[in-house]
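Chemist: starting from these lines, generate the structure:
(one chain, ligands or ions: 1)
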Amino acid sequence: MASPQVDVAIIGAGPYGLSIAAHLRALKVPLRIFGTPMSSWRNHMARGTSLKSFGFASNLYDPGSTFTLAHYCQEKGLPYSEAVDPVTLENFVAYGMEFQKRFVPNLEQTDITSLARAPQGFTLTTQTGEHVSARRVIIATGITYFDNIPPTFANLPEEFVTHSSQHTEVSKFSGRSVAVIGAGASAGDLAGLLHEAGANVHMIARGDVINFHEPPLPEPRPLHMRLLMPRSGLGQGWVQRICNDFPGIFHALPAKLRLHAVRRMNGPAPAWFVKDKVVGKVTIHVGTTIKEASKNENGVHLVLNQREGPKELYVNHVIAATGYKVKLQRLDFVDQDLRRQMQTLDETPVLSTNFESSVPGLYLVGLAAASSFGPVCRFACGAEFTANRIARHLAATT
Ligand SMILES: Cc1cc2nc3c(=O)[nH]c(=O)nc-3n(C[C@H](O)[C@H](O)[C@H](O)COP(=O)(O)OP(=O)(O)OC[C@H]3O[C@@H](n4cnc5c(N)ncnc54)[C@H](O)[C@@H]3O)c2cc1C
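Modeler: I've put the predicted structure just below:
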């Protein structure tokens, strides 16, 4: 099956793909968009958890921001807090789904199985077998394809080691022992949920402490706090605020500095509201790395490296809550030649100030753009700048 060429094809229907589509539709740019809406949030995050980002920074974006999470909650009579109480995953997903219905009703709920170059642009193949011809393509596949499991676990079967993104619920671990590797939001969320589900949980972290976020101060914060530590979607502080508000300036920094900043900023830190669910409830091993992991008859035998010397631990299962690492080569639906043609920096795509890769007409947004535009691209709030910038550029070049 083949269809007439479309100007823009968007692959992915998370906060970035949907926000870009909403902007392009408003500018009357012909487009098709593919993917399962909000799928990372619905199918790859643990149910019953809450977002780390506050209400004001947990939005999808239409031009003029006429339908924010605050608007949605008001319409539905749901509780909403700008910057104090956490946003539940359930409410955020429901909001995202409503945003899609209102602003991107033309979403086609099928995955793209291949993307290749064609004489006049690109050819995409859908899961349903349609060949779509597009002049320009935006890859907005978010965190999908980039889940990171440390090589120490590479040889263990999935029965014994999984990534945190594979768990939306954890009741099957009741009565079993589980090692959660990591000290970030996913690790904290899962450790707390596993404990509540009746598992014997070991949380294993490289650092000497687990950096739980501090609980927010009641609003309005004192004036001196607002001046010294302005808030933004990236947290409190001037550096965070500048990176949040000016991703274009971040793009102008030298490449080495950008890579360093992206690695260092917003490091692993569970949310403040999971601290009580974890501390004193699960066994926490700090200052610990994994020396060896091997299969034994009941599960996994771990050799932990600690300051006091190596220590053995036997668990039924390991969950690697070890985050996401952008490697362009892992976008396996993108034709191998096309992946090779894209210029990279530390395995991440090099992007223009309009998110265009070195292959003309091919754009990447979201997490894949973080080494170009900074840490804001790792969060939903980065979709505002992205959607504005890319939509204006594409509309101006139709
Ligand atoms: C545990 C956890 C907690 C988080 N908490 C927060 C938070 O509190 N606040 C925050 O701002 N961010 C949070 N994040 C980061 C969050 O994932 C990103 O901000 C957000 O998802 C980025 O949106 P996106 O549209 O780029 O990608 P995604 O939300 O990952 O969406 C990608 C979309 O692409 C689609 N897709 C993938 N492959 C294909 C294909 N081949 N064809 C078609 N479609 C495809 C998927 O179906 C999906 O809908 C969290 C992440 C994790 C893992």
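Chemist: neighbours of L394, how many?
Modeler: 25 (other Cβ atoms under 10 Å). C-betas here are computed from N, CA, C, even on glycine.
Chemist: sec struct for it, please.
Modeler: Of the three states, L394 takes helix under DSSP: H, G, I helix; E, B strand; the rest coil.
Chemist: residues contacting it?
Modeler: By Cβ atoms under 8 Å, 6 or more residues apart in numbering, the contact list for L394 reads D7, V8, L24, L27, V29, R136.
Chemist: try 10 Å this time
Modeler: When contacts are counted by Cβ atoms under 10 Å, 6 or more residues apart in numbering, L394 touches 7-8, 20, 23-24, 27, 29, 31, 135-136, 138, 354-356, 361, 363.
Chemist: count of neighbours near the residue in the stretch 51-200 of the chain positioned nearest to the ligand?
Modeler: Closest to the ligand within the stretch 51-200 of the chain is G142: 1.9 Å, counting by Cβ to the nearest ligand atom. Residues lying near G142 (other Cβ under 10 Å) number 25.
Chemist: what about it, distance to T126?
Modeler: In this view, G142 and T126 are 18 Å apart by Cβ to Cβ, to the nearest Å.
Chemist: on that earlier part again, the residue of the stretch 51-200 of the chain closest to the ligand is in what secondary structure piece?
Modeler: Using DSSP states H and E, G142 sits within no helix or strand.
Chemist: and the residue nearest to S165 when sequence neighbours are not counted, what's its pLDDT?
Modeler: Distances taken as Cβ to Cβ, 6 or more residues apart in numbering put H44 closest to S165, at 4.1 Å, once the chain neighbours are dropped. pLDDT for H44: 97.
Chemist: residues in contact with H44?
Modeler: G142, I143, T144, D147, H163, S164, S165, Q166, H167, T168, S186.
Chemist: swap the cut-off to 8 Å and go again
Modeler: Here H44 is in contact with I143, T144, S165, Q166, T168 (Cβ under 8 Å, 6+ apart).
Chemist: count of residues packed around the nearest residue to S294 once chain neighbours are set aside?
Modeler: Leaving aside its sequence neighbours, S294 sits nearest to H301 (Cβ to Cβ, 6+ apart; 5.1 Å). Per other Cβ under 10 Å, the neighbour tally for H301 reads 15.
Chemist: show me which residues of the stretch 201-350 of the chain sit near the ligand.
Modeler: Applying Cβ under 6 Å from any ligand atom, we find that the stretch 201-350 of the chain lies next to the ligand at F333.
Chemist: residue of the stretch 201-350 of the chain closest to the ligand, please.
Modeler: Residue nearest to the ligand within the stretch 201-350 of the chain: F333 (4.7 Å; Cβ to the nearest ligand atom).
Chemist: confirm for me that that residue is in contact with I112.
Modeler: Yes. At 5.8 Å, F333 and I112 qualify as touching, with contact defined as Cβ atoms under 8 Å.
Chemist: any shared contact partners between the two?
Modeler: By Cβ under 8 Å, 6+ apart, the residues touching both F333 and I112 are I11.
Chemist: so between these two, which is more surrounded?
Modeler: Taking F333 and I112 together and counting by other Cβ under 10 Å, I112 has the greater number of neighbours (22 against 17).
Chemist: let me see the contact set for the more buried one.
Modeler: I11, F34, G35, L124, T125, T126, Q127, F333.
Chemist: and those, which of them are buried?
Modeler: Taking 16 or more other Cβ atoms under 10 Å as the criterion, what is buried in the contacts of I112 is I11, F34, G35, L124, T125, T126, F333.
Chemist: could the residues you listed go into JSON lines alongside pLDDT and secondary structure?
Modeler: Listed next are the buried ones among the contacts of I112 as JSON lines, based on pLDDT from 0 to 100; DSSP: H, G, I helix; E, B strand; the rest coil:
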{"residue": "I11", "pLDDT": "98", "secondary structure": "strand"}
{"residue": "F34", "pLDDT": "98", "secondary structure": "strand"}
{"residue": "G35", "pLDDT": "98", "secondary structure": "coil"}
{"residue": "L124", "pLDDT": "98", "secondary structure": "strand"}
{"residue": "T125", "pLDDT": "98", "secondary structure": "strand"}
{"residue": "T126", "pLDDT": "98", "secondary structure": "strand"}
{"residue": "F333", "pLDDT": "98", "secondary structure": "coil"}
